[in-house]
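Undergrad: sequence first, then the predicted structure, then my questions.
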Amino acid sequence: DAKTTQPPSMDCAEGRAANLPCNHSTISGNEYVYWYRQIHSQGPQYIIHGLKNNETNEMASLIITEDRKSSTLILPHATLRDTAVYYCIARSYSNNDMRFGAGTRLTVKP
Amino acid sequence: EAGVAQSPRYKIIEKRQSVAFWCNPISGHATLYWYQQILGQGPKLLIQFQNNGVVDDSQLPKDRFSAERLKGVDSTLKIQPAKLEDSAVYLCASSEGQGAQQPQHFGDGTRLSIL
């Protein structure tokens, strides 16, 4: 699976959009980009995933660049409850292992 | 829908004792995973089941860890004997099936402390 690189921490003002970047420059054509988040003392929560196209659901939007070497998770209106560690994972079609890195610690501030 | 259920939430034991964790996946999910998350790190896969069969246990320390999913629904993970380095959160996840397009859904884990 491709390695992903994320900034260790980010801050965001409450009510503003949070844009979390992820670099996956070695991603292969059959690898999906997954985003999870983990709030203290809870298990990882699935947010969204995509292969080539941009995706949107009730939680977030996922923007994947045309060359697929990077992506951005967008939380459109961040709340205090969005404070968490966000993990970007490149997951091979043939590999069920979710290989979590260190993630980005997002702090939403009032 | 109900999420992945795990118990107990916390467990404290002394080294060399044995311990077991229980997981009930989301109804209808054929694939079940056990992960180990050491403090400050991301989860690491220990074992994957498809129904009641083992798909991948390459990262399971088989000299002390064992897992089963006898009827293809609930699963138990056991450690015997426990070592200090086994202190971690043990997470269970499930998905509808295998394949990278199927999201895994996690429970809140069992936090194990070894004294």
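TA: That came through fine.
Undergrad: for the rest of this, base every contact and every neighbour count on C-alpha atoms.
TA: Will do.
Undergrad: residues contacting A:Asn102?
TA: I think there's a mix-up here, since residue A:102 is Ala and not Asn. A:Gln6, A:Pro8, A:Tyr87, B:Gly40, B:Gln41, B:Gly42 (Cα atoms under 8 Å, 6 or more residues apart in numbering or on different chains).
Undergrad: what do you get if the cut-off is 6 Å, keeping everything else the same?
TA: Contacts for A:Ala102 (Cα atoms under 6 Å, 6 or more residues apart in numbering or on different chains) come out as none.
Undergrad: for B:Asp86, what are phi and psi?
TA: Dihedral pair for B:Asp86: phi -80, psi 0, per degrees, to the nearest 10.
Undergrad: how many neighbours does it have?
TA: 17 (other Cα atoms under 10 Å in any protein chain shown).
Undergrad: just A:Asn54 next, same as before
TA: A:Asn54: 15 surrounding residues under other Cα under 10 Å.
Undergrad: same question, the one 5 residues further on
TA: When neighbours are counted by other Cα under 10 Å, A:Met59 registers 12.
Undergrad: am I right that it is in a helix?
TA: No. According to DSSP: H, G, I helix; E, B strand; the rest coil, A:Met59 belongs to no helix; its state is coil.
Undergrad: show me the shaky parts of chain A.
TA: Chain A contains residues with pLDDT under 70 at A:1-2, A:94-96.
Undergrad: for chain A, list the residues in contact with chain B, please.
TA: Selection of chain A residues close to chain B by Cα under 6 Å from any Cα of the partner chain yields A:Gln42, A:Gly43, A:Pro44, A:Tyr93, A:Phe100, A:Gly101.
Undergrad: what's the closest non-adjacent residue to A:Glu70?
TA: In this structure residue A:70 is Ser, not Glu. A:Asn23 (4.4 Å; Cα to Cα, 6 or more residues apart in numbering or on different chains).
Undergrad: got a list of what that neighbour touches?
TA: A:Thr4, A:Thr5, A:Ser70.
Undergrad: narrow those to those in strands?
TA: A:Ser70 (DSSP state E).
Undergrad: top of the contacts of A:Asn23 by neighbour count?
TA: A:Thr4 (23 neighbours).
Undergrad: does that residue touch A:Ile27 like I think?
TA: No. Assessed by Cα atoms under 6 Å, A:Thr4 is found out of contact with A:Ile27, at 8.6 Å.
Undergrad: ok and the residue in chain A nearest chain B?
TA: Relative to chain B, the nearest point of chain A is A:Gly43 (4.1 Å; Cα to the nearest Cα).
Undergrad: give me the nearest residue to that residue, chain neighbours excluded.
TA: B:Asp108 (4.1 Å).
Undergrad: endpoints of stretch B:91-105, how far apart?
TA: 10 Å (Cα to Cα, to the nearest Å).
Undergrad: what's in contact with it?
TA: Applying Cα under 6 Å, 6+ apart, the contact partners of stretch B:91-105 are A:Tyr93, B:Pro25, B:His29, B:Ala30, B:Thr31, B:Leu32, B:Tyr33, B:Trp34, B:Tyr35, B:Phe106, B:Gly107, B:Gly109.
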